[in-house]
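Enquirer: The sequence and its predicted three-dimensional model are supplied below.
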Amino acid sequence: MPITFKNVSYVYSPKTPFEYEAIKDINVTIKDGSFTAIVGHTGSGKSTLVQHINALLLPTSGEVSVDDFHIVANKKIKNLKEIRRHAGIVFQFPEYQLFEETVEKDVSFGPKNFGDTDEVAMQKAHRALIDVGLDASYYQRSPFELSGGERRRVAIAGIIAEEPKVLILDEPTAGLDPRGSVEMMHLFKKIHERGTTVVIVTHDMNIVLSYCDQVIVMKDGQIVKVTDPITLFKEDNDEFALEIPLLYQFAKKLQEKGLAFEFTGAKTADELAILIHKAGVKQ
Amino acid sequence: MEILKLVDVSYSYDGKRNVINHVSLSIEAGKYVSIIGHNGSGKSTLAKLILGLLEAAHGTITIFDKELNDQTVRELRQRIGIVFQNPDNQFIGSTVRDDIAFGLENRCVPHDEMERIINEFAIKVKMEEFLDKEPSNLSGGQKQRVAIAGVLAMHPDIIIFDEATAMLDPKGKREIHEIAMQMRAENPGLTIVSITHDIEEAFDSDEVIVLNEGEIVMRGTPADVFSRKEELLKVELDLPFVYKMRNALVKEGYDVKDMTTVEGLVAYLCR
Amino acid sequence: MKSLTLGRYVPYNSPIHRLDPRIKMFSLIILMVAIFFKFANVPMNFIMYGIIFVIILVLMAMSHIGIFTLFKQLKALWLMILFLLIINILMPNTGAFFKVWFITVYFNAIWQTLYIVIRLILMVGLTMVLTTTTRPLDLTYAIEWYLAPLKVVKFPTHEIAMTISIALRFIPTLLDETNRIMKAQESRGVDFKNGKLKEKIRAVVSLIVPLFISAFQRSEELANAMEARGYDPSAKRTRYRVMKWKFRDTVALVLVLVFLAGVIVTSVMRLDFIVLLTPVVHIILGWF
């Protein structure tokens, strides 16, 4: 079942001088099993929106449905722990939340909180660590002696170990080098292929282009567009302050200069070159 | 004129593995040099060695023709400015004003001149409307701009950007890059060293130095370095888009193998 | 967290806001001292406290602070006040008394407890005036100035002042970070509000450890940044923010000292205003 937002609004610090409506009257559905990107300028409400999916924030009005769970404004929330287990969030720079003495203890922390026995939690932790590319030699090490990239993978393993049906990622590649970025996204692609619904908040349009099948564009607390990546980049999006992938900027420049070619959604430079060739552009 | 020179420099954090391994390089005054490498290649360690924040276990560092050591470090630091990666952890003052003033205070700039200097450099980085704002009310890009203002106010001969855009969103990255380009245009004698793993940022430098596992593996103009695709992939780096596009077009039979700009590729295809 | 907002600096351009932080600090100490003087008799004590209270109200009005803020601040202390009252009343004392049930209540006990309570209220009120009208950073500069003489004995006044000002600058940042870590751990099933003691301890650990680690990394990066910008506490440096003593500060100083002198005289000479003013009142009434 999909994730649905019905007339959802959220106000920070209501009835104080700092009152601020971060999202207004949101209506959107995130398809089950999709790899959805949420994009928009800084301050458009992306983080506020996704924090409703695991009930970190409760809507000040409206209703959020995540599979069988319903979160209704002003109504007391039941099964909070189940919701949190069902939808896991990896925040930006997650390496800063590690605290346990050993890697495996930190990764098994989530499963234990959600009711797993120590053995089951440890098994899940080991599986998750293998997923993120950390072998058994890491289990007993202290998270604090690892490199930044390794710590990030431990933190992500901590959420994967909870085996959530929905995985929410807030700028997971922030600060990573090119290789690290690619490895990270491959991991999420693998998890997506297992059937997990993946929701990613990102500024990196290249990621949106390469991995996502649905894009939700936000601006000033509202949703302004819901579409697929290729349609999004074909259209004119200056008003949404999105950084168009360089590939598309290039294709647009060519089309502006009068070059006629079938732009059927290339995702890499190689694919674009093939399209250009196919269109008969002379060499 | 050689402004910065490293000869056979090595450094190790744990005494076992060299994070910087017998590195020798020299940088000429007035150049914009990018030092690129994957995370963990030793880039930031290099920056700290040049600033004398870490002491090389082996080798010599010569800046402005003076050898860097305990006696000269304070004097040499006065002519080098550095912008670090974390916008919060280099913002010392309680407001934008106070932060720019911090460097002036250390340099014993007379009190009466401080106000004028603070205003001048806030305007240069377009932060004059934010002079009394606190850091918690500023974005990452704005905080980095304040750091740059503080550095510029010291009139350094060398500015080092140590992964200064790594923690910023695309808008912030662009802002900082634009300011760096502006600085380069306004101060031809200024030497800029940009340490980064963002390949597009290295695109318009005069020279690119590629670091891997604490050693220099490649060095040359962007056109040289980015044409060596296999070697770059081996050290876990990517190519800037222009070079990727160029390679893809060459594969399809287009004669663009010497192009180095988007404009060049577009012009060729649309001729 | 909400209680941090009471007594917090509120920017405004009142006469009190404009005073030099050094004179405000000095006045606070002087007025606190004045509160602890003993006067001729019970009514005199209450009269003097009343006068000081009026002064505080005037200062609060001048600083644009609502009276209710004072009572909100005191709400936290009501329990302690009640506790004090009960303890004191049950203690044996001297002088006149009356009996309630089987408890002997001495009037002196009542007065003494009231003195304590009133002094507490006055001290809280005075401190509030100071903290609401003075930026924490300016207070730091004032403290640094007062401690300056200690530099002779190599006391690290500058370093301490710098450390305090950096700590102040980072308070909002640390609060944000705490919030973020709490959210991350809540997403992993931590409940910061409910749960058994063992779970609560785990919850707190999952918050404190990351904050500490982050603090250590932060301090190292800050130290590097400060050094790179030429910071040397032992070397000479100039100052951007300077406190300028103005005429209004001298006026405030004189008023405060005069008031203190008056309080000392009234106390030492055991003046009794009621006794002194009764003939004056008679004279005035006689005119009508």
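Expert: Perfect, thanks for sending it. Numbering: from 1, shown residues only, chains lettered A, B, ... in the order given.
Enquirer: Residue A:202 contacts residue A:36, correct?
Expert: No. Applying Cβ atoms under 8 Å, one finds residue A:202 not in contact with residue A:36, separated by 10.8 Å. C-beta: built from backbone N, CA, C; applies to glycine.
Enquirer: Nearest residue to the middle of the chain?
Expert: No chain specified, so I'll use chain A. Nearest residue to the geometric centre of chain A (Cα atoms, centre = their mean): residue A:200, 1.5 Å.
Enquirer: my question was about chain B
Expert: Note: chain B centre (Cα atoms, centre = their mean) maps to residue B:194, 2.0 Å.
Enquirer: Doesn't it lie inside a strand?
Expert: Yes. Looking at residue B:194 with DSSP: H, G, I helix; E, B strand; the rest coil, it is inside a strand.
Enquirer: how close does residue B:232 get to residue C:141?
Expert: 53 Å (Cβ to Cβ, to the nearest Å).
Enquirer: no, scratch that, I was asking about residue B:198
Expert: Applying Cβ to Cβ to residue B:198 and residue C:141 gives a distance of 41 Å.
Enquirer: go on, residue C:132?
Expert: For residue C:132, the distance to residue C:141 - Cβ to Cβ - is 18 Å.
Enquirer: same check, this time on residue B:113
Expert: Using Cβ to Cβ, which is the criterion applied here, residue B:113 is 21 Å from residue C:141.
Enquirer: now swap in residue B:46 and tell me
Expert: Relative to residue C:141, and taking Cβ to Cβ, residue B:46 is found at 39 Å.
Enquirer: Ok, residue B:22 next?
Expert: For residue B:22, the distance to residue C:141 - Cβ to Cβ - is 49 Å.
Enquirer: and the two? which has more neighbours close in?
Expert: residue C:141 (21 against 15; other Cβ atoms under 10 Å in any protein chain shown).
Enquirer: Just the pLDDT at the more buried one, thanks.
Expert: The per-residue pLDDT reported for residue C:141 equals 89.
Enquirer: And for the one 4 residues further on?
Expert: Turning to residue C:145, the model gives it a pLDDT of 90.
Enquirer: for residue A:264, same thing?
Expert: 68.
Enquirer: next one: the one 3 residues further on
Expert: Residue A:267 is assigned a pLDDT of 80 by the prediction.
Enquirer: Likewise for the one 5 residues further on?
Expert: The score at residue A:272 is 87. That number is its pLDDT.
Enquirer: Which positions within the helix or strand that it is a member of qualify as buried?
Expert: If you go by DSSP states H and E, residue A:272 is part of helix A:269-278. Using 16 or more other Cβ atoms under 10 Å in any protein chain shown as the burial criterion, the residues of helix A:269-278 that qualify are A:269-270, A:272-277.
Enquirer: So which residues of chain A form helices?
Expert: A:46-50, A:80-86, A:103-113, A:118-131, A:148-160, A:178-193, A:205-211, A:229-234, A:246-256, A:269-278 (DSSP state H).
Enquirer: chain center to stretch B:220-235: distance?
Expert: 19 Å (Cα atoms, centre = their mean, to the nearest Å).
Enquirer: who touches it?
Expert: B:34, B:37-38, B:41, B:202-208, B:210, B:212, B:217-219, B:238-240, B:243, B:247, B:260 (Cβ atoms under 8 Å, 6 or more residues apart in numbering or on different chains).
Enquirer: near chain A too, which of the residues you listed?
Expert: Filtering the contacts of stretch B:220-235 for proximity to chain A by Cβ under 8 Å from any Cβ of the partner chain leaves B:38, B:238, B:247.
Enquirer: What's opposite residue B:216 in the beta bridge?
Expert: Taking DSSP bridges as the rule, residue B:216 bridges to residue B:211.
Enquirer: Neighbours of it, how many?
Expert: Around residue B:216 there are 19 residues (other Cβ under 10 Å).
Enquirer: Surely it is in contact with residue B:23?
Expert: Yes. Look at residue B:216 against residue B:23 with Cβ under 8 Å: they come within range, at 5.9 Å.
Enquirer: follow-up on the earlier one: which residues does the spatially closest residue to the residue nearest to the centre of chain A that is not a sequence neighbour bridge with?
Expert: In space, and not counting its chain neighbours, residue A:200 is closest to residue A:169: 4.5 Å by Cβ to Cβ, 6 or more residues apart in numbering or on different chains. Per DSSP bridges, the residues bridged to residue A:169 are residue A:90, residue A:200.
Enquirer: which non-adjacent residue is nearest the residue in chain C that chain A sits nearest to?
Expert: Distances between chain C and chain A by Cβ to the nearest Cβ are smallest at residue C:189, namely 2.9 Å. Spatial nearest neighbour of residue C:189, chain neighbours left out: residue A:113 (2.9 Å); criterion: Cβ to Cβ, 6+ apart.
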